[in-house]
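Student: this is a predicted model, with the sequence first.
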Amino acid sequence: MSKQELVMLGQDESDCCPTLLAAPLEEEQAVELAKVFKALGDPVRLRLLSMIASREGGEICVCDLTPAFDLSQPTISHHLKLLRQAGLIDCERRGTWVYYWLLPGTIDMLAGVLTRSGKSAASGPEGPARV
């Protein structure tokens, strides 16, 4: 058997997260992905992530995030905590303020999982696969 036939998921960094079309997800992969998607499943968290990711300089102070929402500071902190637990952002306390930045590895992993491969595995004579 050739080495190519024995590819193990997670053994090669370039193939750590195959697309959904390449192979069925293992249970552990599905659990981890579900945590990230759950964190992204809230409009406030999506906006927070967008504000952090699009910030010039790559980081933003929580003092700049809170006024953009009609929510209390503890609620914003809770949403930021969920984004951190999902591995989407990280933070650092500087004096009395906390600064947040995007963790591109998780975003890249999600993009890789959701990207259709160069193969047209989902397309056949009947056309593209429908979800």
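Tutor: Structure received. What you are looking at is a predicted structure, and each value in this text was computed from that prediction instead of being measured.

Student: what packs against whichever strand or helix holds Val98?
Tutor: According to DSSP states H and E, Val98 maps onto strand 97-102. Under the contact criterion of 3 or more Cβ pairs under 8 Å, 6 or more residues apart in numbering; DSSP states H and E, strand 97-102 touches helix 43-53, strand 59-61, helix 62-65, strand 89-94. (Glycine included, C-beta is placed from N, CA and C.)

Student: which among those is found nearest to Leu114?
Tutor: helix 43-53 (15.3 Å; Cβ to Cβ).

Student: may I see the buried residues of the closest one?
Tutor: Residues of helix 43-53 classed as buried by neighbour count (16 or more other Cβ atoms under 10 Å): 44-45, 48-49, 52-53.

Student: what's the angle from it to strand 89-94?
Tutor: 70 degrees (axes from the mean of the first three to the mean of the last three Cα atoms, to 10 degrees).

Student: hang on, the earlier thing: now the strand holding Val98: mean pLDDT?
Tutor: For strand 97-102, the mean pLDDT works out to 96.

Student: got it, and stretch 45-52?
Tutor: For stretch 45-52, mean pLDDT is 96.

Student: report the distance from it to the chain centre.
Tutor: The chain centre lies 12 Å from the centre of stretch 45-52; the measure is Cα atoms, centre = their mean, to the nearest Å.
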